[in-house]
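Chemist: For reference, the sequence and a predicted model appear below.
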Amino acid sequence: MSERQQPLGPGTVLGILGGGQLARMIALAAADLGIRAHVYAPEAENPAYDVCARRTVAAYEDEDALAAFAAAVDLVTYEFENVPAATAAFLEARTLLRPGAAALAVTQDRLSEKRFVAGLGLAVAPFRQVDGAEDLAEAIAALGRPSVLKTRRFGYDGKGQVKIGADTRPDTAFAEIGAAPAILEGFVAFAREVSVVAARGPDGAFAAFDVCENEHRHHILAETRIPARIEPGCAEAAIDAARRIAEALGYVGVFAVEFFLVEDAAGQRIVVNEIAPRVHNSGHWTSEGAETSQFHQHVRAVCGLPLGSAARCGDVVMNNLIGDQADDWLAILADPGAHLHLYGKGASRPGRKMGHVTRVSRRAD
Ligand code: AMP
């Protein structure tokens, strides 16, 4: 469907593919603007169902359900990058899909994403395509050890990923990732990981939140801190990289670019790790820590509304509540400076994101 430029305001029905915590927080933000969320997801139970006006519980391949969904909404967005290409194409032919299918196609495959980013002249880890154990042996010879083997698709939070150490056998490592199409990445000896969460509107308007610093534990984001320990010139380069990526993708909505920050005698420099074509966990701090939250910003961007200010309100720390950490909800609520967000998931399981908590130190000025 052709790109529409007129803003979609109150009364709009925003379709959201996926029903997890990101969809839940998008739906809540949409409600603030008088926009109703219609969530489409295959699961019977989901965090987003508690807060959306309508839901469709159906498979992403169910064309009858998708057609009815497309007819019932004014536009569709999504909370995850693994939306099947056929689903995205089916919806894009019937309604407005933002971000568009092209952004999904590039970002859901690590090989095409790396080629795309490198093609923009931005630094990425050295990489090789790996389609079998023999390719892997050659790639290890080229990139050395340690290195990181990653499936091209469906990887998240360290899943589908194996570190190639001094003694790792290529055949064992390839089997470990399920013998799936993969890439090998040279190991980046980074000082820390940072990300840029930003929004681009259909008219090309762009607004980036401040660079944030992310600490992972067991491959899952544990803490985000703002400001990041990054030199101003490097922060500018990271935001410029995000802007160029969004421009090149013709992107509409909020997205995140994750970077490795490398520090050596020459100073700091950034290496792009990956692009997330959606609101992102490293942007959760914006709910209280920025003038406009990433969720409101996403709704504004996809609906063609003016973007809000991305200025931050102070120094911010966001902690994910993983597994039984969410059981401490009462103690967290007892801290008057803590902003608690729980996702309404039933049982806590190790490694499951159950909620997050944000603390903002207001600046004196
Ligand atoms: P990813 O799923 O690509 O974001 O990787 C998950 C985590 O693994 C990253 O946040 C890094 O901590 C680590 N990692 C991934 N790729 C590399 C690399 N090429 N060099 C060093 N560490 C990496």
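Modeler: Thanks, I have the structure now. Numbering: from 1, shown residues only.

Chemist: can the host helix or strand of V316 be found next to the ligand?
Modeler: Here V316, judged by DSSP states H and E, is contained in strand 314-322. No - contact of strand 314-322 with the ligand is not found when judged by C-beta under 6 Å from any ligand atom; the minimum separation is 13.8 Å. Where C-beta positions appear, they are placed from N, C-alpha and C, glycine not excepted.

Chemist: Name the surrounding residues that touch that strand.
Modeler: 220-227, 281, 284-285, 288-289, 328, 342, 350-363 (C-beta atoms under 8 Å, 6 or more residues apart in numbering).

Chemist: Of those, just the buried ones, PyMOL syntax please.
Modeler: Paste this into PyMOL to select the buried members of the contacts of strand 314-322, with burial taken from 16 or more other C-beta atoms under 10 Å:
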select buried, resi 220+221+223+224+225+226+281+284+285+288+289+353+354+355+356+357+358+359+360
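
Chemist: Which of the contacts of strand 314-322 fall in helices?
Modeler: E288, G289 (DSSP state H).

Chemist: Out of the contacts of strand 314-322, just show me the ones up against the ligand, please.
Modeler: Near the ligand, taking C-beta under 6 Å from any ligand atom as the test, no member of those is found.

Chemist: Identify each buried residue in the strand holding V316, please.
Modeler: G314, V316, V317, M318, N319, N320, L321, I322.

Chemist: These into TSV, with extra columns for pLDDT?
Modeler: Converted to TSV, the buried residues of strand 314-322 look like this (pLDDT from 0 to 100):
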residue	pLDDT
G314	97
V316	98
V317	98
M318	98
N319	98
N320	98
L321	98
I322	97
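
Chemist: quick one on the thing from earlier: okay, now the sheet partners of the strand holding V316, with direction.
Modeler: strand 220-226 (antiparallel), strand 353-362 (antiparallel) (DSSP bridges).

Chemist: got a list of contacts for the longest one?
Modeler: By C-beta under 8 Å, 6+ apart, the residues outside strand 353-362 that reach it are 21, 220, 281, 284-285, 287-289, 313-323, 325-326, 329, 332, 335, 337-343, 345, 348.

Chemist: can you do 6 Å?
Modeler: Identification of contacts with strand 353-362 by C-beta atoms under 6 Å, 6 or more residues apart in numbering yields 284-285, 288-289, 313-321, 326, 332, 337-343, 345, 348.

Chemist: Just give me the closest of the buried residues of strand 314-322 to the ligand.
Modeler: The ligand has its nearest neighbour among the buried residues of strand 314-322 in N320, at 13.8 Å by C-beta to the nearest ligand atom.

Chemist: if I look at the closest one, how far off is K353?
Modeler: N320 sits 6 Å away from K353, going by C-beta to C-beta, to the nearest Å.

Chemist: got it, and I239?
Modeler: Counting by C-beta to C-beta, the gap from I239 to K353 is 26 Å.

Chemist: Could you do A266 as well?
Modeler: A266 is 37 Å from K353, where distance means C-beta to C-beta.

Chemist: try D109
Modeler: Look at D109 and K353: by C-beta to C-beta, they are 24 Å apart.

Chemist: okay, V196: pLDDT?
Modeler: As predicted, V196 sits at a pLDDT of 99.

Chemist: to the chain's geometric centre, what's the distance from the helix or strand that the strand holding V316 is followed by?
Modeler: Counting by DSSP H and E, the element after strand 314-322 in chain order, helix or strand, is helix 329-333. Between the centre of helix 329-333 and the centre of its chain there are 27 Å (C-alpha atoms, centre = their mean, to the nearest Å).

Chemist: which non-adjacent residue is nearest H219?
Modeler: Excluding the flanking residues, the one nearest H219 by C-beta to C-beta, 6 or more residues apart in numbering is G158, at 2.5 Å.

Chemist: Verify the stated contact: that neighbour with R217.
Modeler: No - counting by C-beta atoms under 6 Å, G158 does not reach R217; the two are 10.4 Å apart.

Chemist: Compare these two and say which one has the larger neighbour count.
Modeler: With neighbours defined as other C-beta atoms under 10 Å, G158 and R217 compare such that G158 has more, 15 against 10.

Chemist: what's the helix or strand for the more buried one?
Modeler: In the assignment (DSSP H and E), G158 maps to no helix and no strand.

Chemist: Could you report the separation of it from the ligand?
Modeler: Between G158 and the ligand the distance is 5 Å, computed by C-beta to the nearest ligand atom, to the nearest Å.

Chemist: let's have the chain start at 28 instead
Modeler: Renumbered: residue one is now 28, and that last one reads G185.

Chemist: ok, then the element right after the helix ranked longest in the chain?
Modeler: In the chain, assigned by DSSP H, the helix with the most residues is helix 259-276. Once the chain leaves helix 259-276, the next helix or strand it forms, by DSSP H and E, is strand 280-291.

Chemist: export that following strand as CSV, just CAs?
Modeler: Only the C-alpha atoms of strand 280-291 are listed here, as CSV (Å, rounded to 0.1, in the frame of the first residue of the first chain):
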residue,chain,number,x,y,z
GLY,A,280,9.3,4.1,13.9
VAL,A,281,11.6,3.5,16.8
PHE,A,282,14.7,1.3,16.4
ALA,A,283,17.9,0.6,18.3
VAL,A,284,21.4,0.2,17.2
GLU,A,285,23.7,-1.8,19.5
PHE,A,286,27.4,-1.0,19.4
PHE,A,287,30.6,-2.3,20.9
LEU,A,288,32.7,0.6,22.2
VAL,A,289,36.4,-0.1,21.7
GLU,A,290,39.0,1.8,23.6
ASP,A,291,42.7,1.7,22.7
